[in-house]
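Q: What follows is a predicted structure for the sequence shown.
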Amino acid sequence: MRAFSGSSRLEEAERRLRAWLGWVEDVAGLLGRAAALRESVGAPLPRGERGDVGRVTAALRGRAVPAGCPRPMTASSWESPEPSPKPKNTTDFRTSRDCPGESGQCL
């Protein structure tokens, strides 16, 4: 087994950090574009997708999203005439009532 030098460990940590930040940016951008498309046609987030999108949004909350990256969720993308039940086996489910934020954004 090869021992890693201090610089090799640092390089590996930097590589992993860059990969993580790239993933966060990609996911946040995709969620933001999807929300914008739904809003442009007046379509709410489908009921069956709210739990998944809520869990991903909660996971991204507080992560470093680079400037200029679209925010994933807006309050209007969560609006629906009837509340959605909390999915089973989840501990972090968000709705616009839970996280409207000052600007109406969920993240």
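A: Ah, there it is.
Q: a strand runs through Arg45, doesn't it?
A: For residue 45 the amino acid is Leu, not Arg. No - Leu45 is assigned coil when assessed by DSSP: H, G, I helix; E, B strand; the rest coil, not a strand.
Q: Show me what secondary structure element comes after the least confident helix or strand in the chain by mean pLDDT.
A: Of all the helices and strands that make up the chain, the one with the lowest confidence by mean pLDDT, DSSP states H and E is helix 6-41; it has a mean of 81. In the C-terminal direction, the helix or strand that comes right after helix 6-41 (DSSP states H and E) is helix 50-60.
Q: Report the buried residues of that next one.
A: Taking 16 or more other Cβ atoms under 10 Å as the neighbour-count basis, helix 50-60 is seen to contain the buried residues 50-51, 53-58, 60. The way it works is simple: take the backbone N, C-alpha and C, and place the C-beta from them, glycine included.
Q: ok, those vs Arg15, which is closest?
A: Minimum separation from Arg15 among the buried residues of helix 50-60 (Cβ to Cβ) is found for Leu60, which lies at 21.1 Å.
Q: Can you give me the distance of the closest one to Ser40?
A: Leu60 sits at a distance of 22 Å from Ser40 (criterion: Cβ to Cβ, to the nearest Å).
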